[in-house]
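Colleague: Sequence first, then the predicted structure:
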Amino acid sequence: MNLLIYHGKDELLEDLAEFILKIGNDAIAENGRFNFVLTGGSSPKTLYQQLATKYKDQLDWQKVFFFFGDERNVSATDKDYNGLMAAESILTPLGIKQDHIFYINTSLSPVEAAADYQNSINMHFNGAQPSFDLILLGMGDDAHTASLFPETEILERSEIGVEAVFVEKLNTYRISMTAGLINNAKNIAFLVFGKSKAQAVKNVIESEEENTTLYPAQLIRPENGHVTWFMDQEAAALLNS
């Protein structure tokens, strides 16, 4: 695990963009494509906008395949749909072809949407065990990541796949990659900033005893991949080291 701590958000996003571009260019040079999993919420929006403008000429974006680590159980036209934010901030501005974007089909039931998405991923990897080049993750102030929320059933799953999960405190379903699928990635990057995340960061990284039920982000520990945390000083304020 690599911890990178920045004075401010601008410096953080610049380094993270460069990190994404390097992994993307290396993947394209090696395999002819870059399999990139986006995170949702509001945190990455500025990053996506910068990738689509400032950095648009530094990667062959037409060789990138975009996926989503999780999705909210709302219509694809709803403002809370992760795919809509990504479409507006990066996918449409870059002119990404629709067959290079793997949206989660929330017109289906949550269970059906999860199965459909897992099938789409399996087909993309031609039946081989899916291993993304880069998965971008955020983390909530409750230490959830993707839609791996504290005390939810998906935390007990060891399968490499996609599942529907009912989040009781939100009274709604989410569709999420499992920890097993995330941990199979070659590279994982956490994007975390703001003082509201400081306690969660400390709990996940420095807890004396592991407790993945309360701190689901602790589940992200790939055996063969690399995890890098991109944090500002506010988010890292309670760390001892």
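Modeller: Cool, the structure landed.

Colleague: Check the burial of the residue nearest to Glu71 when sequence neighbours are not counted by counting its neighbours.
Modeller: Counting by CB to CB, 6 or more residues apart in numbering, Glu71 lies nearest to Ile104, which is 3.9 Å off, once chain neighbours are set aside. Just so you know, the C-beta spots here come from the backbone N, C-alpha and C atoms, and that holds for glycine as well. Number of residues near Ile104 (other CB atoms under 10 Å) recorded here: 26.

Colleague: Leu170 now?
Modeller: 12.

Colleague: what sits against the closest residue to it other than its chain neighbours?
Modeller: Nearest non-adjacent residue to Leu170, counting by CB to CB, 6+ apart: Phe149, 7.8 Å away. Taking CB atoms under 8 Å, 6 or more residues apart in numbering, we find Phe149 in contact with 142, 165, 167, 169-170, 174, 216.

Colleague: Throw those residues into a markdown table and include distance to Ala128 and secondary structure, thanks.
Modeller: What follows is the contacts of Phe149, written out as a markdown table (distance: CB to CB, whole Å; DSSP: H, G, I helix; E, B strand; the rest coil):
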| residue | distance to Ala128 | secondary structure |
| --- | --- | --- |
| Asp142 | 34 | coil |
| Val165 | 25 | strand |
| Val167 | 31 | strand |
| Lys169 | 36 | coil |
| Leu170 | 34 | coil |
| Arg174 | 26 | strand |
| Pro216 | 27 | helix |
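
Colleague: Mind giving me the ChimeraX command for buried ones among these?
Modeller: Under the burial definition 16 or more other CB atoms under 10 Å, those of those that qualify are selected in ChimeraX by:
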select :142,165,167,174,216
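
Colleague: could you point out the longest helix in the protein?
Modeller: Criterion DSSP state H: the longest helix present in the chain is helix 9-31.

Colleague: what about the helices in the chain?
Modeller: With DSSP H as the criterion, the chain has helices spanning 9-31, 45-52, 82-86, 110-124, 179-183, 198-206.

Colleague: For those helices, give me TSV that also has mean pLDDT, distance to His226 and mean neighbour count.
Modeller: As requested, the helices of the chain are exported to TSV (pLDDT from 0 to 100; distance: least, CB to CB, whole Å; neighbours: other CB atoms under 10 Å):
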stretch	mean pLDDT	distance to His226	mean neighbour count
helix 9-31	97	10	16
helix 45-52	97	19	19
helix 82-86	96	24	21
helix 110-124	98	21	17
helix 179-183	97	11	22
helix 198-206	97	16	19
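
Colleague: out of these, which comes closest to Lys63?
Modeller: Among the helices of the chain, helix 9-31 comes nearest to Lys63, with 5.0 Å by CB to CB.

Colleague: Packing partners of the closest one?
Modeller: Applying 3 or more CB pairs under 8 Å, 6 or more residues apart in numbering; DSSP states H and E, we find helix 9-31 packed against strand 2-6, strand 34-38, helix 45-52, strand 134-137, strand 187-192, strand 226-232.
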